[in-house]
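A.B. asks: Show me the folded form of this:
(one chain, ligands or ions: 2)
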Amino acid sequence: MQLDFAAREVTIKLVYYGPALSGKTTNLAALHGRAGPEARGRLMTLETQDDRTLFFDLLPLTFRSKDGDASLRIKLYTVPGQPIHAATRRLVLQGADGVALIADSRVSETQRNAEAFLDLRQNLRDNGIDLARLPLVIQFNKRDLPDVRSDEELVRLAVRGKEPVFRAIATRGVGVVETFVCLLWLTWRSLDQSHQLSRKLQIDGEELVTGAARQLGITTPFRDLIAVRMGGAGADLASGGAP
Ligand SMILES: Nc1nc2c(ncn2[C@@H]2O[C@H](COP(=O)(O)OP(=O)(O)OP(=O)(O)O)[C@@H](O)[C@H]2O)c(=O)[nH]1
Ligand SMILES: [Mg+2]
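C.D. replies: Ligands and ions are numbered 1, 2, ... in the order given. The predicted model follows:
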């Protein structure tokens, strides 16, 4: 995170992690497609001929506060999922404020999802970050394909963990904004707790995240939006701490 008091500007780094071909780049492309012209920067991708991410993708997003005076800048990265890019993944993770793990819903990919999760944990550790303290959201993508893990199974998985779990079909933009907005909210809340961002910058975090969702074409209140998640993070995520 970078903080510029004079400009009332905070910059955070979010990373989309996960196994090869799970749909990380597709998530970024969908967000880029939905973001209004004043919010989105240029989507930078570097891929091989067969669309595999070679280094990383970067989508810069800027959301302004209601008074137009304060801004939240987001650097949204994807890592390359292929096993040979382990060192790049570690590099891209440096300084991450929050992570979305994009998993492939197909039963056949279960092992690769688990490996990606362990890889994430290890790379965070190497960067001096404790996974347990990092805002993390899980997305099960490719719900449109045959032979995917059932909703019931995902619910069981979600209630066991503390991370919010979302279902998605990134190619159709389904579940993409929900995943992103939830990660943004968790990350904001975590940074606010450790750095008192709202107080120092006089920004209302809820308002900022609501504004971000609006600039991604969502008019439902963001708490309703992220209420579609399966388990994880308890009721406080939806109610802002009030029971
Ligand atoms: N059917 C289906 N295909 C998807 C979905 N999301 C992504 N894909 C396809 O899966 C392939 C891989 O998607 P990418 O977004 O490039 O995957 P990635 O995670 O960035 O892959 P790496 O960069 O190699 O790590 C592409 O052909 C996408 O069109 C989805 O929800 N459903
Ligand atoms: Mg990619």
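
A.B. asks: residues touching residue 78, list them.
C.D. replies: 15-17, 24-25, 27-28, 53, 56-57, 92 (Cβ atoms under 8 Å, 6 or more residues apart in numbering). To be clear about C-beta, it is placed using only N, CA and C from the backbone, and glycine gets the same treatment.

A.B. asks: Also residue 179?
C.D. replies: Neighbours of residue 179 in contact, by Cβ under 8 Å, 6+ apart: 27, 100, 137, 139, 166, 168.

A.B. asks: In helices, which of those fall?
C.D. replies: Judged by DSSP state H, these include residue 27 as members of helices.

A.B. asks: Quick one, which of the contacts of residue 179 are buried?
C.D. replies: Using 16 or more other Cβ atoms under 10 Å as the burial test, the contacts of residue 179 include 27, 100, 137, 139, 166, 168 as buried.

A.B. asks: what's the spacing between the closest residue to the first one other than its chain neighbours and ligand 1?
C.D. replies: Spatially, and ignoring its direct neighbours in sequence, residue 27 is nearest to residue 170 (4.9 Å; Cβ to Cβ, 6 or more residues apart in numbering). In this view, residue 170 and ligand 1 are 4 Å apart by Cβ to the nearest ligand atom, to the nearest Å.

A.B. asks: With ligand 2 as the reference, measure out to residue 170.
C.D. replies: If you measure residue 170 against ligand 2 using Cβ to the ion, to the nearest Å, the figure is 11 Å.

A.B. asks: From the chain's centroid, how far away is the strand or helix carrying residue 63?
C.D. replies: Counting by DSSP states H and E, the element that carries residue 63 is strand 57-64. Its chain's C-alpha centre and that of strand 57-64 lie 12 Å apart, by Cα atoms, centre = their mean, to the nearest Å.

A.B. asks: Checking residue 145 next. Helix, strand or coil?
C.D. replies: coil (DSSP: H, G, I helix; E, B strand; the rest coil).

A.B. asks: Wait, it touches residue 105, no?
C.D. replies: Yes: here residue 145 reaches residue 105: they are 6.9 Å apart, a contact under Cβ atoms under 8 Å.

A.B. asks: For the chain, what lies in contact range of ligand 2?
C.D. replies: Applying Cβ under 5 Å from the ion, we find that the chain lies next to ligand 2 at 24-25, 53.

A.B. asks: Top of the residues you listed by number of neighbours, please.
C.D. replies: With neighbours defined as other Cβ atoms under 10 Å, the most crowded of the residues of the chain next to ligand 2 is residue 24; it has 28 neighbours.

A.B. asks: ok, back up a step: format the buried ones among the contacts of residue 179 as CSV; extra columns: pLDDT.
C.D. replies: Supplementary listing: the buried ones among the contacts of residue 179 in CSV, determined by pLDDT from 0 to 100:
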residue, pLDDT
27, 98
100, 98
137, 97
139, 98
166, 96
168, 98
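
A.B. asks: Inside strands: which ones of these?
C.D. replies: 100, 137, 139, 166 (DSSP state E).

A.B. asks: Quick check: the gap between residue 73 and residue 203.
C.D. replies: 13 Å (Cβ to Cβ, to the nearest Å).

A.B. asks: returning to what we had before: max pairwise distance over the contacts of residue 78: which two?
C.D. replies: Farthest apart among the contacts of residue 78 by Cβ to Cβ are 27 and 92. That separation is 15.0 Å.

A.B. asks: Of residue 145 and residue 105, which one has the most company?
C.D. replies: Per other Cβ under 10 Å, whichever of residue 145 and residue 105 has more neighbours is residue 105, with 26 against 13.

A.B. asks: so what's the backbone phi/psi at the nearest residue to residue 109 once chain neighbours are set aside?
C.D. replies: Nearest residue to residue 109, sequence neighbours excluded (Cβ to Cβ, 6+ apart): residue 19, at 6.7 Å. Dihedral pair for residue 19: phi -70, psi 170, per degrees, to the nearest 10.
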